[in-house]
Every structure is written in structure tokens, then in C-alpha cells.
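# Here's my sequence, what's the structure:
(one chain, ligands or ions: 2)
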Amino acid sequence: MSNQTTPRLTIARPDDWHVHLRDGDILRAVLPYTAKSFARAIVMPNLQSPVTTTEKAKSYRDEIIAATPAGIKFTPLMTVYLTDTTNSEDVIKGHARGVLTAAKLYPANATTNSIYGVTHIKAISQVLEAMQGAGMPLLVHGEVTDPDVDIFDREAVFIDKILRPMRKDFPELKIVFEHITTQEAVDYVREEGAKAPLAATITPHHLLINRNAMFQGGIRPHYYCLPVAKREKHREVLVKAATSGAGMFFLGTDTAPHTRTAKESACGCAGIFSAPNALALYAQVFDEAGCLPHLEAFASRNGPAFYDLPVNKELITLEKIDQPQGDIKPILTGNGQQIVEFAPPSPSTWRIATS
Ligand code: DOR
Ligand code: ZN
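Numbering: from 1, shown residues only. Ligands and ions are numbered 1, 2, ... in the order given. Below is the predicted model:
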């Protein structure tokens with residue numbers, strides 16, 4: 001923090017440990033925003049035609065690199081989408097060759113483009129065994145899909161029904177419990193993450209909105225994501241966990257662009273597009289919690305430590321703004337589709353400094 005009028009904070013350049021970049025026109029429209037704030041990003045494999053093999057991950061990586069704006073240093077870290085028929089040899093070889101950083105477990109039908117996901121954990125036992133041996137992280141969308149389980153309980157039930165048994169069977173498997181939303185998840189990760197290779201990512205939107213926000217004055221499709229936002233008491237627990245600086249929690253925006261028409265629809269898609277302002281919003285949350293000194297751990301250090309990667313050498317500076325930001329314009333894709341950026345209920349109070 002420097003001069004008295006404008007609080008500023010300089011930290012090692014962060015990474016985003018959970019992004020959806022899509023492909024084609026949307027990729028080209030959204031990638032510059034992620035690459036501006038983050039040096040590296042774990043790229044989710046749930047394209048319409050999912051990234052299910054090392055070869056597909058390699059060509060997707062090439063497409064991302066080709067879409068990266070000139071002069072910007074950005075490294076996409078690729079993931080493979082697990083299915084009931086994933087070939088463990090391909091996954092392990094892809095990891096050994098440096099193409100795959102991690103594998104993603106989507107329970108079938110849990111979220112966007114997850115129809116080819118895993119229908120039962122036994123189907124991927126061999127893959128998990130091999131990943132455990134190779135030290136390759138498993139990234140988990142932690143929600144059960146049983147329609148009898150209430151949507152607000154799906155994460156908590158996943159911990160008991162899937163995660164605990166999985167961790168018993170594969171105690172050394174590195175696991176990231178992605179985009180956690182509940183007190184149950186925070187408690188579980190705190191307890192287990194202290195003694196085992198288990199960590200969690202936390203999104204800016206789950207730190208800033210609770211489930212009421214989705215229905216404030218009417219239905220708010222741009223606040224709809226999966227896992228869905230929970231009660232205020234869960235949001236408060238998430239803020240405490242993220243801002244604590246504890247090594248098992250790190251930044252993963254889960255920025256998930258969909259076109260405005262796909263969001264504002266009778267059956268709107270799940271996903272919040274936060275890439276342009278995510279880092280500033282995290283700074284705001286840490287500032288409001290009185291924990292700015294822990295932002296660097298959460299954003300720039302805990303993730304690399306978990307993934308055994310170096311902390312980025314470059315720096316980035318954030319600053320507090322006096323005037324709240326005005327209305328944010330949607331971004332446009334090359335074919336004229338709009339993508340609406342996440343606007344928290346109260347305006348942002350931080351931004352990335354330009355000099
Ligand atoms: O809200 C979400 N959107 N949650 C997910 O798990 C997937 C993501 C997407 O791909 O749109
Ligand atoms: Zn996601």
C-alpha cells in the first residue's frame with residue numbers, strides 16, 4: 001500500500017486455476033481479459049465436443065495460443081475431460097509429455113456440456129489409480145446429480161457420497177475441489193487439506209453473492225451458475241476461508257462465458273463471466289475483510305505451490321477507486337453476439353492500475 005489517497009497493492013502476477021475459454025469466436029473475444037490479469041490458467045475441457053484425449057488437448061492449446069493477443073505472455077494449462085471410457089495410458093502419457101496438467105471429473109449431467117461425464121466413479125478407478133501414481137491432479141466438479149437431491153444440497157451430499165470414499169480409495173491422489181460454495185466444503189477442505197493433497201478453488205461471485213441475489217426484484221440469469229450460490233452464512237464462511245491466506249484455498253474464477261441470448265432464455269445456461277473484473281473483485285473482497293495482505297497468497301502463491309509450479313516473477317498492481325464504475329458494456333464476439341460481464345450487486349471499488 002502506498003500513498004494516502006489511493007490505496008494500491010502490488011503482488012506477484014496471479015494465475016487463474018479454473019477458467020472456461022470456449023473455442024472459436026467466444027475464445028477470441030474472452031481470452032484477452034483472462035490473459036491481461038493472469039499469467040497462467042487451468043483451462044476447462046467442457047467444450048461442446050469435449051477435450052477427452054491428449055491429442056484434442058494439444059490442438060485446443062494450439063487454438064488458444066493462436067488467439068492470445070500479441071505481446072501478452074499467457075500460458076494455458078490444459079485439462080482432459082474424463083468419461084467412463086477414458087484411456088488411462090493416454091492421460092498419463094499426456095501428463096508426462098507436459099500437454100496435460102490435470103484431469104477433470106464432471107459427474108454426468110452435473111453442468112454445462114457434461115453429458116459425456118462420468119456416470120459412476122468405479123468406471124474411472126484405473127485412471128485415478130494411475131493419476132495417483134503419477135502425481136497428476138484431479139479437478140472435481142463436486143455436485144451429485146441425483147434429481148432427488150435438492151439443488152442447494154448437491155455439494156454437501158457429494159462430499160459424503162463421493163469425495164470421502166474416493167479419498168479413502170486413493171489417499172495420495174491430488175484433488176482440487178473446484179468452486180466450493182458451502183460451509184461443509186470449507187470445513188472438509190480445511191480438515192483434510194491440512195494432512196493430504198487436497199485443495200479448493202473459490203470464485204469471486206461466490207464471495208460476493210448469495211442465493212437471494214439471483215432473485216433480487218426478479219430472476220437474474222447473470223447470477224446463475226453451478227454450483228448455485230448458497231445462503232448468506234455460506235458466503236461468509238467462504239470469505240473467511242479465502243481471505244485467511246491458508247494454503248489449501250486458492251483463486252479460480254470459473255469465468256464461464258455464454259452469449260446473452262443463451263443466458264436470457266426460458267432455460268438459461270449456468271455460468272458467470274467474470275474474466276474482465278475478477279481480480280479487482282477479489283481485491284475488493286479482501287479489502288472489505290481487512291485481509292489485503294493475504295491476497296497474494298490466495299491469488300499468486302497457494303496455487304503454484306499445490307501444482308508444483310514456480311510463482312510468477314512479474315508483478316501486477318491493483319488500486320482502489322474513488323468513483324464507483326459506471327454501467328459495464330457487454331463485450332462483443334466476432335459474430336456480433338454479446339457476453340455480459342459479472343456485475344456484483346454493489347459496484348466494484350478496485351481496479352488493475354495502468355501504471
Ligand atoms: O456455472 C457453471 N458454468 N458451472 C460449471 O460447472 C460449468 C460452467 C460452464 O461451462 O458454463
Ligand atoms: Zn467451471
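
# what does the stretch 151-300 of the chain put close to ligand 1?
For the stretch 151-300 of the chain, the contact set with ligand 1 under C-beta under 6 Å from any ligand atom comprises 225, 226, 256, 270, 271. C-betas here are computed from N, CA, C, even on glycine.

# of the residues you listed, buried ones?
Neighbour-count burial within these applies to 225, 226, 256, 270, 271; the criterion is 16 or more other C-beta atoms under 10 Å.

# which of the residues of the stretch 151-300 of the chain next to ligand 1 sit farthest apart?
Spatial extent of those (C-beta to C-beta) is set by the pair 226 and 256 at 9.0 Å.

# what residues are shared contacts of these two?
112, 270, 271 (C-beta atoms under 8 Å, 6 or more residues apart in numbering).

# Of those, which belong to strands?
Taking DSSP state E, every one of those sits outside strands.

# from those residues, which is closest to residue 67?
Among the shared contacts of residue 226 and residue 256, and counting by C-beta to C-beta, the member closest to residue 67 is residue 271, at 19.2 Å.

# pLDDT value on that closest one, please?
Looking at residue 271, its pLDDT reads 98.

# OK, contacts around it?
When contacts are counted by C-beta under 8 Å, 6+ apart, residue 271 touches 20, 112, 224, 225, 226, 254, 256, 257, 258, 263.

# any chance of those residues in a markdown table, plus distance to residue 82?
Below are the contacts of residue 271 laid out as a markdown table (distance: C-beta to C-beta, whole Å):
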| residue | distance to residue 82 |
| --- | --- |
| 20 | 17 |
| 112 | 16 |
| 224 | 25 |
| 225 | 21 |
| 226 | 18 |
| 254 | 18 |
| 256 | 19 |
| 257 | 23 |
| 258 | 23 |
| 263 | 27 |
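
# export those residues to CSV and tack on distance to residue 74, secondary structure and pLDDT?
Shown next, in CSV, are the contacts of residue 271 (distance: C-beta to C-beta, whole Å; DSSP: H, G, I helix; E, B strand; the rest coil; pLDDT from 0 to 100):
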residue, distance to residue 74, secondary structure, pLDDT
20, 15, coil, 98
112, 23, coil, 88
224, 28, coil, 98
225, 24, coil, 98
226, 26, coil, 98
254, 18, coil, 98
256, 18, coil, 98
257, 17, coil, 98
258, 22, coil, 98
263, 26, helix, 98
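
# Is there a quick ChimeraX command that grabs whichever of the residues you listed are buried?
The following ChimeraX line selects those of the contacts of residue 271 that are buried, judged by 16+ other C-beta under 10 Å:
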select :20,112,224,225,226,254,256,257,258,263
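
# Okay, strands next: where are they in this structure?
Under the criterion DSSP E, strands of the chain are mapped to 8-12, 16-19, 40-43, 75-81, 100-105, 138-140, 175-177, 198-202, 249-251, 315-320, 331-332, 338-339, 350-352.

# Pull the contacting residues for the closest residue to residue 74 other than its chain neighbours.
Spatial nearest neighbour of residue 74, chain neighbours left out: residue 35 (3.8 Å); criterion: C-beta to C-beta, 6 or more residues apart in numbering. If you count contacts by C-beta under 8 Å, 6+ apart, residue 35 has them with 68, 69, 72, 74.

# what about residue 169, how many neighbours?
By other C-beta atoms under 10 Å, the residues close to residue 169 number 14.

# Next: the one 10 residues further on.
Applying the criterion other C-beta under 10 Å, we find 25 residues in the vicinity of residue 179.

# Am I right that it is in contact with residue 255?
No: proximity of residue 179 to residue 255 does not meet the contact threshold set by C-beta atoms under 8 Å, at 10.9 Å.

# picking that back up, can I get the strands of the chain in a markdown table including mean neighbour count?
Formatted as a markdown table, the strands of the chain follow (neighbours: other C-beta atoms under 10 Å):
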| stretch | mean neighbour count |
| --- | --- |
| strand 8-12 | 17 |
| strand 16-19 | 28 |
| strand 40-43 | 25 |
| strand 75-81 | 23 |
| strand 100-105 | 24 |
| strand 138-140 | 23 |
| strand 175-177 | 27 |
| strand 198-202 | 26 |
| strand 249-251 | 27 |
| strand 315-320 | 18 |
| strand 331-332 | 16 |
| strand 338-339 | 18 |
| strand 350-352 | 18 |
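
# Dump the ones you listed to a markdown table, plus mean pLDDT.
As requested, those are arranged in a markdown table below (pLDDT from 0 to 100):
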| stretch | mean pLDDT |
| --- | --- |
| strand 8-12 | 97 |
| strand 16-19 | 98 |
| strand 40-43 | 98 |
| strand 75-81 | 98 |
| strand 100-105 | 98 |
| strand 138-140 | 98 |
| strand 175-177 | 98 |
| strand 198-202 | 98 |
| strand 249-251 | 98 |
| strand 315-320 | 97 |
| strand 331-332 | 96 |
| strand 338-339 | 98 |
| strand 350-352 | 95 |
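
# Nearest to residue 219 among these would be which one?
Of the strands of the chain, the one closest to residue 219 (C-beta to C-beta) turns out to be strand 338-339, at 18.6 Å.

# So the nearest residue to residue 140 once chain neighbours are set aside versus ligand 1, what's the distance?
Spatial nearest neighbour of residue 140, excluding adjacent residues (C-beta to C-beta, 6+ apart): residue 105 at 4.9 Å. Residue 105 is 11 Å from ligand 1, where distance means C-beta to the nearest ligand atom, to the nearest Å.

# Name all residues that make contact with residue 280.
318, 348, 350, 351, 352.
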